[in-house]
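> My questions concern the predicted model and sequence given below.
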Amino acid sequence: MGCVATRTPDPKDRSTAPVIDSVSKAIIEQLQEDGRRPYAAIGKAVGLSEAAVRQRVQKLLDQGVMQIVAVTDPLTVGFRRQAMVGINVEGDIEPVADALAEMGEVEYVVVTAGSFDLLVEIVCEDDDHLLEMINKRIRTLPGVRSTESFVYLKLRKQTYTWGTR
């Protein structure tokens, strides 16, 4: 099933953050319901021509406002272990966040306030792969002080249809 994941603009560059009007928001919501919905059907729902929808979608993609991706259940494609890892860092958080973002197994990196400096979601083939990621790749990064792992036992809900409020 296709899906649209919205992306938050770079907080360092808020002056150039795109302005999203109500029609573009409606297009995003249509694509969040079904990322493969035809532009003609979207146009009918939002009151635009197919060509106008196509142009707006391309602009939203080019601006980094959204991306259209296929979302899978990792278990069904051979990834038997997922975990959220809380990480505490000594010194500057950004180099550690950047290094984590470069790792293929890391799906999600968030700088947080609270008990952890960073939260990362990792998707692994099995427990051995998870152990390697945490012990040999994450904990060995310069600046990583500690980690705490939260292993996923079952995925109960995963949705990208929160709309554009």
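Yep, it's here. Residues are numbered from 1 along each chain as shown.
> What residues of stretch 115-123 count as buried?
116, 117, 118, 119, 120, 121, 122, 123 (16 or more other CB atoms under 10 Å). Bear in mind the C-beta positions are built from the backbone N, C-alpha and C, glycine included.
> For the chain, which segments count as strands?
2-6, 66-70, 81-89, 106-111, 118-124, 144-151 (DSSP state E).
> Format the buried residues of stretch 115-123 as TSV; extra columns: pLDDT and distance to residue 73.
Supplementary listing: the buried residues of stretch 115-123 in TSV, determined by pLDDT from 0 to 100; distance: CB to CB, whole Å:
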residue	pLDDT	distance to residue 73
116	98	26
117	98	29
118	98	25
119	98	21
120	98	20
121	96	14
122	96	16
123	94	11
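> for these, which one is nearest residue 76?
Nearest to residue 76 out of the buried residues of stretch 115-123 is residue 123 (CB to CB; 12.2 Å).
> Name the member of the buried residues of stretch 115-123 with the shortest distance to residue 36.
Nearest to residue 36, judged by CB to CB, of the buried residues of stretch 115-123 is residue 123 at 23.5 Å.
> I figured the closest one was touching residue 108, is that so?
No. Counting by CB atoms under 8 Å, residue 123 does not reach residue 108; the two are 9.5 Å apart.
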